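>>> Whatever this is, show me its structure:
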Amino acid sequence: VSLEGFGWDHFFSQQLSTDERDFLVPARVVAMHRSSLVVTDGIDEYDVALGSNWFRGPTELRLTVGDWVLLGRGRDKVVRLLERKSVFKRFAAGSKREIQLIAANIDTLFIVTSCNDEFNENRLVRYLALAREVEIIAVVVITKRDLSNKSHQYVERARKVSGNSVIECIDARDADALEGVRLWTTEGQTVALVGSSGVGKSTLLNTLAGYQVQRTEAIREDDSRGRHTTTHRSIHRIEQGALVMDMPGIRELALADAAEGVASAFEDVETLAARCRFVDCDHQTEPGCAVQSALSEGQLEPERLQQFRKLRREEARNSASLSERRDTERRNTQRMRRLAKEREGTSHDE
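Next up, the predicted model:
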């Protein structure tokens with residue numbers, strides 16, 4: 001296997017200087033741990049400890065699975081992070097108010113859900129918004145078709161919120177049923193599997209690979225929820241040549257810095273809003289509101305509009321909170337640099 005087999009192409013190679021080509025080694029991050037990572041140079045894998053500097057900068061510049069880096073010749077130190085094609089991220093839950101990186105340099109996102117009570121349109125549209133924000137292809141994969149006699153209903157529910165995204169309804173254990181899915185798992189392509197615990201991500205990965213890559217467990221019968229079997233993010237190269245990234249189940253998917261993604265995920269609502277008489281229409285009681293007209297004529301479902309409003313408000317609130325945090329960090333950094341210069345000047349005077 002070469003670097004190209006792990007997704008290396010002109011986009012990354014053109015970023016290297018002449019000295020970097022001569023003295024450094026390109027490698028891809030295939031697994032992340034708390035203070036170290038696993039990388040591959042296309043031939044072997046190496047465990048690389050991360051220095052404290054990699055945890056001090058802005059979150060967006062920290063390393064994540066799928067990144068391309070340059071290693072020293074000893075392959076024991078990360079020298080530089082290369083520019084990314086794409087980065088999949090979310091707004092971290094809790095009071096930290098920061099972005100959490102999920103994966104980088106993804107070509108296709110498999111949004112995995114299932115034909116049971118786990119299926120949730122709100123969660124599905126959040127994943128779609130994140131994918132469209134970073135302009136990567138999203139494929140909705142509905143599993144456990146073999147366990148439901150109403151799989152077609154889940155497909156229709158997904159279609160209502162997925163726009164023109166491809167939808168595959170499958171039995172993840174049946175290799176013969178994955179013909180449509182395999183169209184996206186070609187040589188050098190990176191596919192990320194996201195979704196709740198227990199929807200069949202690890203089963204799908206194992207079937208695509210042709211052997212057991214990840215351990216699997218049955219879902220709980222009382223609430224159709226799964227148990228965490230994938231404990232960390234990792235990339236696996238399957239026989240077809242694709243790089244498949246399995247993710248632990250994400251309990252909460254908050255959005256920030258994703259205004260364009262939300263607009264794209266609700267393209268039907270945005271198209272209607274563009275026809276309103278007033279540019280600043282709130283789609284409530286304003287005259288000439290195309291959105292309200294579509295509601296009254298049955299062309300737009302109230303739940304869809306409610307979902308759009310909720311997600312847009314959340315994204316705006318989280319983005320404002322994130323911007324405030326970044327401003328605070330910027331001021332603190334400037335203050336620390338100023339104090340350092342003052343101390344340096346004082347030492348020279350002495």
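>>> okay, now Leu70: neighbour count?
20 (other CB atoms under 10 Å). Yep, even glycine has a C-beta here, placed from its N, CA and C like the rest.
>>> Isn't it up against Val48?
No: the pair Leu70 / Val48 is not scored as a contact, 11.6 Å apart, by CB atoms under 8 Å.
>>> which residues are in contact with both of those two?
Shared contacts of Leu70 and Val48 (CB atoms under 8 Å, 6 or more residues apart in numbering): Val78.
>>> so what pLDDT did the residue minimising distance to the centre of the chain get?
Geometric centre of the chain, nearest residue: Phe88, 3.1 Å, by CA atoms, centre = their mean. Note on Phe88: pLDDT of 88.
>>> now Ser319
Ser319 is assigned 82 on the pLDDT scale.
>>> With the flanking residues excluded, which residue is spatially nearest to it?
Sequence neighbours aside, Ala256 is the residue nearest to Ser319 in space, at 4.8 Å (criterion: CB to CB, 6 or more residues apart in numbering).
>>> same question, Leu3
Distances taken as CB to CB, 6+ apart place Gly42 nearest to Leu3, at 4.1 Å, with adjacent residues excluded.
>>> Now the one you found: phi and psi?
phi 90, psi -10 (degrees, to the nearest 10).
>>> need the strands for this structure, in chain order.
Assigned by DSSP state E, the chain shows strands spanning 25-32, 36-40, 45-49, 68-71, 78-81, 87-91, 99-104, 108-114, 137-143, 166-169, 190-194, 234-237, 243-246.
>>> what's the spacing between the fifth one and its chain's center?
Here the centre of strand 78-81 is set off from its chain's centre by 22 Å, with CA atoms, centre = their mean, to the nearest Å.
>>> Run through the neighbouring helices and strands of it.
The contact analysis (3 or more CB pairs under 8 Å, 6 or more residues apart in numbering; DSSP states H and E) places strand 78-81 against strand 68-71.
>>> Could you rerun that using 10 Å?
helix 18-23, strand 25-32, strand 68-71 (3 or more CB pairs under 10 Å, 6 or more residues apart in numbering; DSSP states H and E).
>>> List the buried residues in the shortest one.
By 16 or more other CB atoms under 10 Å, the buried positions in strand 68-71 come out as Trp68, Val69, Leu70, Leu71.
>>> Redo these as a markdown table? Include distance to Ser319 and pLDDT.
Converted to a markdown table, the buried residues of strand 68-71 look like this (distance: CB to CB, whole Å; pLDDT from 0 to 100):
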| residue | distance to Ser319 | pLDDT |
| --- | --- | --- |
| Trp68 | 28 | 98 |
| Val69 | 29 | 97 |
| Leu70 | 32 | 97 |
| Leu71 | 35 | 96 |
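>>> And these, which is closest to Gly288?
Nearest to Gly288 among the buried residues of strand 68-71: Trp68, at 50.8 Å, using CB to CB.
>>> Can you read off the pLDDT for the closest residue in space to that closest one that isn't next to it in sequence?
Distances taken as CB to CB, 6+ apart place Leu82 nearest to Trp68, at 4.4 Å, with adjacent residues excluded. pLDDT for Leu82: 97.
>>> Quick one: residues contacting Leu82.
Listed by CB atoms under 10 Å, 6 or more residues apart in numbering, the contact set of Leu82 reads 8, 11-13, 15-16, 20, 26, 28, 67-70, 104-105.
>>> now these: which count as buried?
Among the contacts of Leu82, the ones that count as buried by 16+ other CB under 10 Å are Trp8, Phe12, Pro26, Arg28, Asp67, Trp68, Val69, Leu70, Ala104, Asn105.
>>> need those in JSON lines with distance to Glu270, can you?
Below are the buried ones among the contacts of Leu82 laid out as JSON lines (distance: CB to CB, whole Å):
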{"residue": "Trp8", "distance to Glu270": "37"}
{"residue": "Phe12", "distance to Glu270": "34"}
{"residue": "Pro26", "distance to Glu270": "40"}
{"residue": "Arg28", "distance to Glu270": "36"}
{"residue": "Asp67", "distance to Glu270": "33"}
{"residue": "Trp68", "distance to Glu270": "34"}
{"residue": "Val69", "distance to Glu270": "38"}
{"residue": "Leu70", "distance to Glu270": "41"}
{"residue": "Ala104", "distance to Glu270": "28"}
{"residue": "Asn105", "distance to Glu270": "28"}
